[in-house]
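A.B. asks: model this:
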Amino acid sequence: MIYKSIFATSIALLLLQACQPIEPAVKADEPTTFYYTEANLSGLRPVRPYPNAGDVCELLGESKNTAVLRIDDADLIACPKHEKGAIADRKREGARVVGNAKHWVILSVQS
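C.D. replies: Just a heads-up that it's a prediction; the model follows:
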């Protein structure tokens, strides 16, 4: 009889625990593969979208984080890591990957 009571209590507790709200694995304000920090929050200094207004890649200005990556006669741009199409387009245009900053891929392009 005691075992039936313990078993029933255990089942009831499990059912109650199953009804508790579950914390999401990723909070909305945390970056994921599809959400990324702004370039300036990743230590970059964005100047403008690249190559055109409205594009996801950014032309970068000089910063302490990019100074060692800069090559003469080349500009640095950064694209969000998950934007595989934009990165592939820039590479087809001659850009080459020279570094990363949080959620951004940094590429060197001839100016």
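
A.B. asks: The helix or strand that contains V105 pairs with which strands, and in what direction?
C.D. replies: Counting by DSSP states H and E, the element that carries V105 is strand 104-110. Note on strand 104-110: by DSSP bridges, its sheet partners are strand 74-80 (antiparallel), strand 96-101 (antiparallel).

A.B. asks: which residues make contact with that strand from outside it?
C.D. replies: 36, 39, 42, 44, 57, 60, 66, 69-71, 73-81, 87, 90-91, 93-100 (CB atoms under 8 Å, 6 or more residues apart in numbering). In this view, the C-beta of every residue, glycine as well, is placed from N, C-alpha and C.

A.B. asks: from those residues, which would you call buried?
C.D. replies: 36, 39, 42, 44, 57, 60, 66, 69, 74-81, 87, 90, 95, 98 (16 or more other CB atoms under 10 Å).

A.B. asks: In the strand holding V105, which residues are buried?
C.D. replies: Of the residues in strand 104-110, W104, V105, I106, L107, S108, V109 count as buried by neighbour count, 16+ other CB under 10 Å.

A.B. asks: Any chance of the backbone angles for the spatially closest residue to the fourth one that is not a sequence neighbour?
C.D. replies: Ranked by CB to CB, 6 or more residues apart in numbering and with sequence neighbours excluded, the top spatial neighbour of L107 is A95, at 4.0 Å. Here is the backbone geometry of A95 (degrees, to the nearest 10): phi -70, psi 150.
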